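Undergrad: Model the following, please.
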Amino acid sequence: MADKRVSPDAFAALQARFGQQSKKAQAYYTVMHAARGALGGDDAASAWMERPLDALAGKSPAQAVAEGREQEVLAHARAL
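TA: Below is the predicted model of the structure:
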């Protein structure tokens, strides 16, 4: 049976990637929560998250969050 240990460098890289994905997911759900409250439900908030908006330079809120612009998107969601 071959030794299947993960090297410390590979493990650190996995941890870093997980941390980045976790932050993106947390940002997405924070914005989604604000949109859901402003728009009255999950369906409306989901549609808003995927629709390109002029206020976000033609990007959807989901795209802008993925680019790290979550504070800008969150401010826009709270202003709905």
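Undergrad: Quick check: which ranges of this structure have low pLDDT?
TA: 1-3 (pLDDT under 70).
Undergrad: Could you say which helix or strand holds the residue nearest the centre of the chain?
TA: By C-alpha atoms, centre = their mean, the chain has its centre lying nearest to residue 28, at 3.0 Å. Per DSSP states H and E, residue 28 falls inside helix 8-39.
Undergrad: phi, psi of residue 66?
TA: phi -60, psi -30 (degrees, to the nearest 10).
Undergrad: mind listing what it touches?
TA: With contacts defined as C-beta atoms under 8 Å, 6 or more residues apart in numbering, the neighbours of residue 66 are 24, 28. For the C-beta atoms, the positions are set from N, CA and C on the backbone; glycine is no exception.
Undergrad: quick thing: my sequence starts at 30, can you match it?
TA: Shifting the count to begin at 30 puts that one at residue 95.
Undergrad: Give me the distance from the very next helix or strand once past the helix holding residue 57 to the chain's centre.
TA: Downstream of helix 37-68, the first helix or strand assigned by DSSP H and E is helix 71-79. Put simply, helix 71-79 sits 14 Å off its chain's centre (C-alpha atoms, centre = their mean, to the nearest Å).
Undergrad: How about the backbone phi and psi for residue 83?
TA: phi -60, psi -40.
Undergrad: Oh, that last question was meant for residue 70, not what I typed.
TA: According to degrees, to the nearest 10, residue 70 has phi 170, psi 170.
Undergrad: State the distance from it to residue 77.
TA: 11 Å (C-beta to C-beta, to the nearest Å).
Undergrad: Pull out the buried residues from the helix holding residue 57.
TA: For helix 37-68, the neighbour count (16 or more other C-beta atoms under 10 Å) marks 56, 57, 59, 60, 61, 63, 64, 65, 68 as buried.
Undergrad: Same list, those residues, but as a markdown table with distance to residue 33 please.
TA: Formatted as a markdown table, the buried residues of helix 37-68 follow (distance: C-beta to C-beta, whole Å):
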| residue | distance to residue 33 |
| --- | --- |
| 56 | 34 |
| 57 | 33 |
| 59 | 37 |
| 60 | 39 |
| 61 | 38 |
| 63 | 43 |
| 64 | 43 |
| 65 | 43 |
| 68 | 48 |
